[in-house]
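K.L.:
fold the following and give me the result.
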Amino acid sequence: MLAAVTLAQADACDEELTGLGRQVQAVHRAISDPATPGAMQAIRELGTDSRYYTMVRGWLAMQLKGDESIVAASGPGQRPKIEARIMFVNKALRAIDLE
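P.N.:
Coordinates of the predicted model:
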């Protein structure tokens, strides 16, 4: 028989999910605009949580592959924002891998 979930347990779960959603949105903003204050910290906070490390690392790796493909097709120096993001994503990957 399934145990009944109390209102307090449901509220705690909702609060946890809302917090996770905010962290995911912060990582999205950080990847979209690495110059955002606290961008690296947002990635570190979620990426070093063992429950979400694989998700964040995969997200960063796929972003890196896509950006490298764009730069390779465009030629060096033609996409400075994307080249800056490649540098940022590489640093972010190192940061979560080393923690």
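K.L.:
which stretches of the protein have low pLDDT?
P.N.:
1-3 (pLDDT under 70).
K.L.:
so which bits of the helix of greatest length in it are buried?
P.N.:
Counting by DSSP state H, the longest helix found in the chain is helix 7-32. Residues 23-24, 26-27, 30-31 are the ones in helix 7-32 that count as buried (16 or more other C-beta atoms under 10 Å). (Each C-beta comes from the backbone N, C-alpha and C, glycine too.)
K.L.:
of all those, which two lie farthest apart?
P.N.:
Pairwise distances across the buried residues of helix 7-32 (C-beta to C-beta) peak at 12.9 Å, for the pair Gln23 and Ile31.
K.L.:
residues contacting the residue nearest to the spatial centre of the chain?
P.N.:
In the chain, the residue lying closest to the centroid (C-alpha atoms, centre = their mean) is Val27, at 3.7 Å. Going by C-beta atoms under 8 Å, 6 or more residues apart in numbering, Val27 touches 42-43, 46-47, 56, 59.
K.L.:
how near is it to Ala4?
P.N.:
Distance of Val27 to Ala4, computed by C-beta to C-beta, to the nearest Å: 35 Å.
K.L.:
go on, Asn90?
P.N.:
49 Å.
K.L.:
same question, Ile96
P.N.:
In terms of C-beta to C-beta, Ile96 sits 39 Å off from Ala4.
K.L.:
buried subset of the contacts of Val27 as a ChimeraX selection?
P.N.:
Here is the ChimeraX command that selects the buried residues among the contacts of Val27 (16+ other C-beta under 10 Å):
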select :42,43,46,47,56,59
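K.L.:
now do the helix or strand hosting Ala72: which elements does it pack against?
P.N.:
Using DSSP states H and E, the element containing Ala72 is helix 53-74. In terms of contacts (3 or more C-beta pairs under 8 Å, 6 or more residues apart in numbering; DSSP states H and E), helix 53-74 is packed against helix 7-32, helix 39-47, helix 80-98.
K.L.:
many thanks, we can stop here.
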